[in-house]
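> A predicted structure for the sequence below; I have some questions about it.
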Number of protein chains: 2
Amino acid sequence: MPRKVDHKLRREAFLAAAYRTIKKKGLEGVTFRAVAREAGFTTGALVHYVDSIDKLLVESSEYAARYVRDDMEAMEALPDRLESLRQVIYLSLPLDEERRGNWNFWMGFWERSVRNATVRKLTHTRYGEWLGRLEHLIRMAQEAGDLADDIDVKRATKTCVALVDGIAAQTLRSGYPLSADEQRKIMDDWIVAALRPTRPLSAERIERPRRPRSNGSHPREAELAKAV
Amino acid sequence: MPRKVDHKLRREAFLAAAYRTIKKKGLEGVTFRAVAREAGFTTGALVHYVDSIDKLLVESSEYAARYVRDDMEAMEALPDRLESLRQVIYLSLPLDEERRGNWNFWMGFWERSVRNATVRKLTHTRYGEWLGRLEHLIRMAQEAGDLADDIDVKRATKTCVALVDGIAAQTLRSGYPLSADEQRKIMDDWIVAALRPTRPLSAERIERPRRPRSNGSHPREAELAKAV
């Protein structure tokens, strides 16, 4: 069924274009015209695939989430449970331009979720997923004997989520941005003080997994570019 | 000069109305019509005092800041420097409906600051003020011997600001709101783990200063209501 595959890939190409547009211009910059132009198609072609801006936001957010999730799952597979937790936290921080782009997306959702039920539902789903992922990682590290026995895992999870959100707000909105180094130090300090690891944090820097990517974009984008 | 005084008070009444409108409906709810109606005046009368929505946002934010500042200064005057810091942090949390209203204001500014230079400048000014206030309080508590000698005051300040912002985002936007009790516990845990006080936190609850207020509004509102 080559026709069907082609449709699926073209839809993905539009979502990738929407994602790039949001990273560059924020949520307010997402119009049919801007996204179609970014994808190199007519507005009509885009509307054929996604017929409302809300749907476009939701689907491109799912596209972005999939992408971040891939990276996180690679780090979750590390055998060192303490390092696994720490690296997933690092992946969630606005450390580089790409991740600041993701945060522009996310912070736009915070605001839009107030008056838009679809965006609100999606925001809540993502938070649920993120809280669940972190709680699992903290619990795994605790069970591996890497963290103090008596920490309140649920409260620690909520605190960690709050700290990451706040680092992003301060970095992107305050006029007093935190450097990548400061962001990591804040999280390391928190891990040490609040979770009380039973051994020191590794001094070695683990780079995030680098799969083949065209200019920092989604690994599948080269494939998509060929398909459309 | 009774005429002059009257103008000043009427302007304040409009700012109070804008503030109430934002707390109820968020930043997007602020229109000349909505604010004029809230104040019990015609749109024309409002436009006479403030001729753009941006100016109205900026001035009503200054009105709100003055109000929060009054409460914070009362807590800063506490002789116990550790409790003083802790109570100012509590005042910044979305613990009750009124403070969640303030946060609706503030989070709207985060988003609007991306595309509006006036709002951006104001947001940066407020962050500078808040970072400065907290740094001062942490330093004072440290100098009083209430906190560990070796904490990095600047980094602790940034962490505290991030944690408060993140608690607000989680409470107002995540679908998994933190109860007032959880919010206080998260901040207490952080104070204990990160600032390492030299004595236990007080178990006694200090209520925020209750000055005469009509239905939780600004203390001067009764006066304003009489004036217009």
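Noted; the coordinates are in hand. Numbers count the residues shown, from 1 in each chain, chains lettered A, B, ... in the order given.

> CA only for contacts and neighbour counts going forward, please
Noted.

> Would you mind splitting chain A into its domains for me?
Here the domain parsing of chain A from automatic domain parsing is A:1-51, A:68-198.

> in what helix or strand does the spatially most central residue of chain A lie?
Most central in chain A under CA atoms, centre = their mean is residue A:68, positioned 4.5 Å from the mean C-alpha point. Residue A:68 is part of helix A:53-76, with elements assigned from DSSP states H and E.

> mind exporting that helix as PDB, just the C-alpha atoms?
Taking Å, rounded to 0.1, in the frame of the first residue of the first chain, the C-alpha atoms of helix A:53-76 are listed here in PDB:
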ATOM      1  CA  ILE A  53      -4.800  25.000  14.300                       C
ATOM      2  CA  ASP A  54      -5.700  23.200  17.600                       C
ATOM      3  CA  LYS A  55      -5.200  19.800  16.000                       C
ATOM      4  CA  LEU A  56      -2.000  20.900  14.500                       C
ATOM      5  CA  LEU A  57      -0.700  22.000  17.900                       C
ATOM      6  CA  VAL A  58      -1.800  18.800  19.600                       C
ATOM      7  CA  GLU A  59      -0.300  16.600  16.900                       C
ATOM      8  CA  SER A  60       2.900  18.400  16.600                       C
ATOM      9  CA  SER A  61       3.200  18.300  20.400                       C
ATOM     10  CA  GLU A  62       2.800  14.500  20.200                       C
ATOM     11  CA  TYR A  63       5.500  14.500  17.500                       C
ATOM     12  CA  ALA A  64       7.800  16.500  19.700                       C
ATOM     13  CA  ALA A  65       7.000  14.300  22.800                       C
ATOM     14  CA  ARG A  66       7.900  11.200  20.800                       C
ATOM     15  CA  TYR A  67      11.300  12.700  20.000                       C
ATOM     16  CA  VAL A  68      12.100  13.700  23.600                       C
ATOM     17  CA  ARG A  69      10.800  10.300  24.800                       C
ATOM     18  CA  ASP A  70      13.300   8.500  22.500                       C
ATOM     19  CA  ASP A  71      16.200  10.400  24.100                       C
ATOM     20  CA  MET A  72      14.900   9.800  27.600                       C
ATOM     21  CA  GLU A  73      14.400   6.100  27.000                       C
ATOM     22  CA  ALA A  74      18.000   5.800  25.900                       C
ATOM     23  CA  MET A  75      19.100   7.300  29.200                       C
ATOM     24  CA  GLU A  76      16.700   5.200  31.200                       C
END
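
> Enumerate the residues of chain A near chain B.
A:107-108, A:110-111, A:113-114, A:120, A:123-124, A:127-128, A:155, A:159, A:161-167, A:169-170, A:173-176, A:182, A:186, A:189-190, A:193-194 (CA under 8 Å from any CA of the partner chain).

> Identify the residue nearest residue A:184 in space, chain neighbours excluded?
Excluding its sequence neighbours, the residue lying closest to residue A:184 (CA to CA, 6 or more residues apart in numbering or on different chains) is residue A:90, at 6.8 Å.

> ok, for the residue nearest to the centre of chain A, nearest residue in space, not its chain neighbours?
Counting by CA to CA, 6+ apart, the nearest residue to residue A:68 once its immediate chain neighbours are dropped is residue A:91, at 8.0 Å.

> So the one you found versus chain B, what's the distance?
Between residue A:91 and chain B the computed distance is 17 Å (CA to the nearest CA, to the nearest Å).

> In this structure that residue contacts residue A:72, no?
Yes - Residue A:91 sits in contact with residue A:72 when judged by CA atoms under 8 Å, with a separation of 6.9 Å.

> Looking at the two, which one has more neighbours?
residue A:72 (22 against 16; other CA atoms under 10 Å in any protein chain shown).

> Could you check how far the more buried one is from residue B:36?
50 Å (CA to CA, to the nearest Å).

> hey, which helix or strand in chain A has the poorest pLDDT?
Using mean pLDDT, DSSP states H and E, helix A:221-227 stands out as the lowest-scoring helix or strand of chain A, at a mean of 47.

> Tell me how many other residues crowd residue A:50.
Using other CA under 10 Å, residue A:50 has 17 other residues around it.

> Equivalent analysis for residue A:159, please.
Neighbours of residue A:159 under the rule other CA under 10 Å: 26.

> again, but for residue A:77
For residue A:77, the count of nearby residues is 10 (other CA under 10 Å).

> max-length helix in chain A?
When chain A is parsed with DSSP state H, its longest helix is helix A:117-143.

> Could you pull out the buried residues of that one?
Residues of helix A:117-143 classed as buried by neighbour count (16 or more other CA atoms under 10 Å in any protein chain shown): A:119-120, A:122-124, A:126-127, A:130-131, A:133-142.

> For the domains of chain A, give me a markdown table that also has mean pLDDT.
Converted to a markdown table, these look like this (pLDDT from 0 to 100):
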| stretch | mean pLDDT |
| --- | --- |
| domain A:1-51 | 84 |
| domain A:68-198 | 94 |
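
> in chain A, which spans are helices?
Under the criterion DSSP H, chain A contains helices at A:2-25, A:32-39, A:43-49, A:53-76, A:81-92, A:97-112, A:117-143, A:153-173, A:180-190, A:221-227.

> Let me have those helices in a markdown table, adding distance to residue B:150 as columns.
Rendered in a markdown table, the data for those read as follows (distance: least, CA to CA, whole Å):
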| stretch | distance to residue B:150 |
| --- | --- |
| helix A:2-25 | 40 |
| helix A:32-39 | 51 |
| helix A:43-49 | 58 |
| helix A:53-76 | 33 |
| helix A:81-92 | 24 |
| helix A:97-112 | 32 |
| helix A:117-143 | 28 |
| helix A:153-173 | 22 |
| helix A:180-190 | 13 |
| helix A:221-227 | 49 |
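
> contacting residues around residue A:180?
By CA atoms under 8 Å, 6 or more residues apart in numbering or on different chains, the contact list for residue A:180 reads A:94, A:95, A:96.

> follow-up on the earlier one: elements contacting the helix holding residue A:68?
Packing contacts for helix A:53-76, counted by 3 or more CA pairs under 8 Å, 6 or more residues apart in numbering or on different chains; DSSP states H and E, involve helix A:2-25, helix A:81-92, helix A:117-143.

> Tell me which other helices or strands the longest one touches.
Put plainly, it is helix A:117-143. helix A:53-76, helix A:81-92, helix A:97-112, helix A:153-173, helix B:153-173.

> Quick one: closest of the ones you listed to residue A:46.
Of all those, helix A:53-76 sits nearest to residue A:46, with 9.7 Å by CA to CA.

> Right, I'll call it a day here.
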